[in-house]
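[1] For reference, the sequence and a predicted model appear below.
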Amino acid sequence: REQNFPDPKAEEEGYPMSLRNLNPNAVSSKGNAALGINIGAAKGLQEVLKTNLGPKGTLKMLVGGAGDIKLTKDGSVLLHEMQIQHPTAALIARTATAQDDVAGDGTTSAVLLIAELLKRSERYLSEGLHPRILADGFELAKNRCLEFLDKFKVEKDTTDRELLSNVAKASLRTKLTPKLADHLAPAVVDSVLTIRKEGAPIDLFMVEIMTMQHRFDVDSKLVKGLVLDHGARHPDMPKRLENCYIFTCNVSFEYEKSEINANVHYSSAEERERMVQAERKFVDDRVRQVIELKRKVCDKPEKSFVVINQKGIDPMALDMFAKEGILALRRAKRRNMERLTLACGGEPVNALEGMTEKVLGYAGLVYEHVLGEEKYTFVEQVTNPFSCTILIKGPNKHGIVQIQDALRDGLRAVKNTVEDKCVVPGAGAFQVAAALDLKAYRDSKEVQGRTKLGVEVFADSLLVIPKTLATNSGYDPIDIIVTLEEEHKNGNAAGLDLSTGECFDPAEEGIWDNYRVLRQLINSSSVIATQLLLVDEIMRAGKNMGKQQQVGQ
């Protein structure tokens, strides 16, 4: 009988004998080989994303399996849409997308910083330095950098419209053309200020982003009210109404079958007719209650009435509403019901008993817009709204999606500024200042021994942001960094003007970064880089490996 003995060559190839005995299908990489795999994955991801950074960054075209095209330079969208198979690259991508989920921006910067930390560590590791020493240096540098960020930030009145407009432009210009970004910035600022309530967190879900494939992207606008993506279902209903009472309800205006199966026998046509009338009476009574309320409040011809219902309205009920000149919409989305009451006032109604005028909202204008086969209902001229709609227009689908992704980041940037009550000078000014501060910290007595090397790596890695901005704008990164460092040593918080390649004061030009984005960036990047440096073995020895290989064979 044949007996399988362990292969003596397996130990030489880097697979420990003990692991091979436990799982013959296991694959393992140890020591420098494992570090090389992790650093190589980070470098590869950095190469993909670094050309996207900043207003001068290039676009990526993503082509789906069905041939659909997506043009984007948003790091979060790229990492979500790309199929990343390498486990280390997938880990870095998840960290970067978590940065976007928490802070709303900084995805590309997170990938660049993590990769740069690992890349600059490689030289010291190849010379025999233990990764733990670098990790300790990273921890000291991270804490020092966060302290410096708190000193470097600028306290501002974050309800100032000009400041918020500059923040929105800085965010939108990294994703869109300057002309379109400047056009959309006021809409972004106004939408956040509209939904803001004193003493309550800002809920961006109250800003509806509606898309219409129509006209040009510069026709996009803010609607202080609501745009619903459906219209009236009866041809005789009015298409435009002014001075409207808005009745929002979640009441069924259609006959519903009983849950219990029942057979009804009748002996004549008269009995059948009475049974049908009895069934209809239940629904008709509800419709008449709404019509009575309309007649009560609309005592003048210039007043009108709109019903927006979350549930269904059957054809006969629609006909009754149409005869009274009521515009009735059915099957409204649940989130729009909440937005309607915030925009128009009033209260959502779940039962028709005891209705009064207090449950009604108000809108100065309600009209229907037909675009091809699509219908849109605009609810405008509302008083004191706490919900609004940004209407995106564009001639093609991928352009609209690109604007949609950029608006999401712009809204988060303005929200962060309002809640942080401070901003940080942008255009690479913070990264250069923090790097100089860390180098001074490295030479101080607070940092002893070889830990200085970890602090030095962190300081040099921070400069990857201004270097990449310079490279993407067509300038020499080394010249730019030297010039910026000289300006900072002279006491000027200078950033890089991407149009001229010269140094300038970002505070004067209104180029601001979000405080919480930078804080999250420094925290998450150092943690992930440290964890990847401390990996000394990668084992592919999962429980399902044997099954996967059998399936593959």
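    Nice, I can see it. This one's a predicted model, so the numbers in the text were calculated from it and none came from an experiment.

[2] So L129 sits against R450, correct?
    Yes - judged on C-beta atoms under 8 Å, L129 makes contact with R450 at a distance of 6.9 Å. In this view, the C-beta of every residue, glycine as well, is placed from N, C-alpha and C.

[3] so what's R412 up against?
    With contacts defined as C-beta atoms under 8 Å, 6 or more residues apart in numbering, the neighbours of R412 are 103-105, 171, 204.

[4] Buried ones among the residues you listed?
    Burial by neighbour count, 16 or more other C-beta atoms under 10 Å: within the contacts of R412 this picks out 103-105, 171, 204.

[5] Which strand or helix spans the residue nearest to the spatial centre of the chain?
    Nearest to the mean C-alpha position of the chain, by C-alpha atoms, centre = their mean, lies R408 at 5.0 Å. Per DSSP states H and E, R408 falls inside helix 397-420.

[6] What residues sit buried inside that helix?
    399-403, 405-418, 420.

[7] Following element in sequence after that helix, please.
    strand 422-425.

[8] Could I get the average pLDDT for that next one?
    If you average the pLDDT over strand 422-425, you get 87.

[9] Provide the contact partners of the helix or strand following that strand at residue level.
    Per DSSP H and E, the first helix or strand lying C-terminal to strand 422-425 is helix 429-442. Identification of contacts with helix 429-442 by C-beta under 8 Å, 6+ apart yields 140-141, 144-145, 148-149, 152, 424, 447, 452, 455-456, 458-460, 462-463, 465-466, 481, 484-485, 488-489, 493-495, 506, 513, 518.

[10] quick one on the thing from earlier: in CSV, list the buried ones among the contacts of R412 along with pLDDT, secondary structure and distance to E271.
    Listed next are those as CSV, based on pLDDT from 0 to 100; DSSP: H, G, I helix; E, B strand; the rest coil; distance: C-beta to C-beta, whole Å:
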residue, pLDDT, secondary structure, distance to E271
A103, 77, helix, 69
G104, 76, coil, 65
D105, 80, coil, 69
S171, 86, helix, 69
L204, 84, helix, 58
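
[11] so which helix or strand takes in the nearest residue to I528 once chain neighbours are set aside?
    Sequence neighbours aside, T95 is the residue nearest to I528 in space, at 4.8 Å (criterion: C-beta to C-beta, 6 or more residues apart in numbering). Under the criterion of DSSP H and E, T95 resides in helix 87-103.

[12] Can you check what angle separates that helix from helix 397-420?
    Counting by axes from the mean of the first three to the mean of the last three C-alpha atoms, to 10 degrees, helix 87-103 lies at 60 degrees to helix 397-420.

[13] who's in contact with helix 87-103?
    37-38, 41-42, 44-45, 75-76, 79-80, 82, 84, 106-108, 110-111, 114-115, 412, 416, 514, 516-517, 520-521, 524-525, 528, 532, 538.

[14] Determine how far the helix ranked longest in the chain lies from the middle of the whole chain.
    Across the chain, the helix with the greatest residue count (assigned by DSSP state H) is helix 269-297. Helix 269-297 sits 47 Å away from the centroid of its parent chain (C-alpha atoms, centre = their mean, to the nearest Å).

[15] Then stretch 50-59?
    So, by C-alpha atoms, centre = their mean, the centroid of stretch 50-59 is 18 Å from its chain's centroid.

[16] Contacts for it, please.
    60, 71-75, 78, 108-109, 112, 173-174, 178, 465, 468-469, 471-474, 498.

[17] Okay, buried residues for that stretch please.
    Buried residues in stretch 50-59 (16+ other C-beta under 10 Å): 50-57.

[18] how long is that stretch end to end?
    End-to-end distance for stretch 50-59: 11 Å, by C-alpha to C-alpha, to the nearest Å.

[19] Same check on stretch 506-520?
    22 Å.

[20] likewise stretch 64-81?
    9 Å.

[21] Kindly report the same for stretch 169-186.
    Stretch 169-186 end-to-end distance (C-alpha to C-alpha) = 9 Å.

[22] Outside of it itself, list whatever touches it.
    Under C-beta under 8 Å, 6+ apart, the answer for stretch 169-186 is 53-55, 57, 72-74, 105, 165, 168, 188, 217-218, 220, 222, 402-403, 405-407, 409-410, 412-414, 426, 510-513.

[23] In the buried residues of stretch 50-59, find the pair that's most separated.
    K50 and P55 (14.7 Å; C-beta to C-beta).

[24] Count the neighbours of the residue nearest to L112 when sequence neighbours are not counted for me.
    Using C-beta to C-beta, 6+ apart and skipping residues adjacent in sequence, the residue nearest L112 is V464, 5.1 Å away. When neighbours are counted by other C-beta atoms under 10 Å, V464 registers 22.

[25] Now do the contacts for V464.
    112-113, 116.

[26] ok, back up a step: show me what secondary structure element comes after the helix holding T95.
    Following helix 87-103 in sequence, per DSSP H and E, is helix 107-126.

[27] got the buried residues for that following helix?
    Quick answer for helix 107-126 (16+ other C-beta under 10 Å): 107-122, 124-125.

[28] G137: which element?
    G137 belongs to helix 131-152, assigned by DSSP H and E.

[29] Same check on E368?
    Taking DSSP H and E as the definition, E368 sits inside strand 361-371.

[30] Extract the C-alpha trace of that strand and format it as PDB.
    What follows is strand 361-371 as a C-alpha-only set of coordinates in PDB (Å, rounded to 0.1, in the frame of the first residue of the first chain):
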ATOM      1  CA  GLY A 361     -49.900  72.000   4.200                       C
ATOM      2  CA  TYR A 362     -49.600  74.900   1.700                       C
ATOM      3  CA  ALA A 363     -47.800  75.500  -1.600                       C
ATOM      4  CA  GLY A 364     -48.100  78.500  -3.800                       C
ATOM      5  CA  LEU A 365     -47.700  76.500  -7.000                       C
ATOM      6  CA  VAL A 366     -48.200  72.900  -8.100                       C
ATOM      7  CA  TYR A 367     -47.800  71.900 -11.700                       C
ATOM      8  CA  GLU A 368     -47.100  68.900 -13.900                       C
ATOM      9  CA  HIS A 369     -44.200  68.600 -16.300                       C
ATOM     10  CA  VAL A 370     -44.300  65.900 -19.000                       C
ATOM     11  CA  LEU A 371     -41.100  64.700 -20.600                       C
END
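
[31] Since that was my last question, I'll sign off now.
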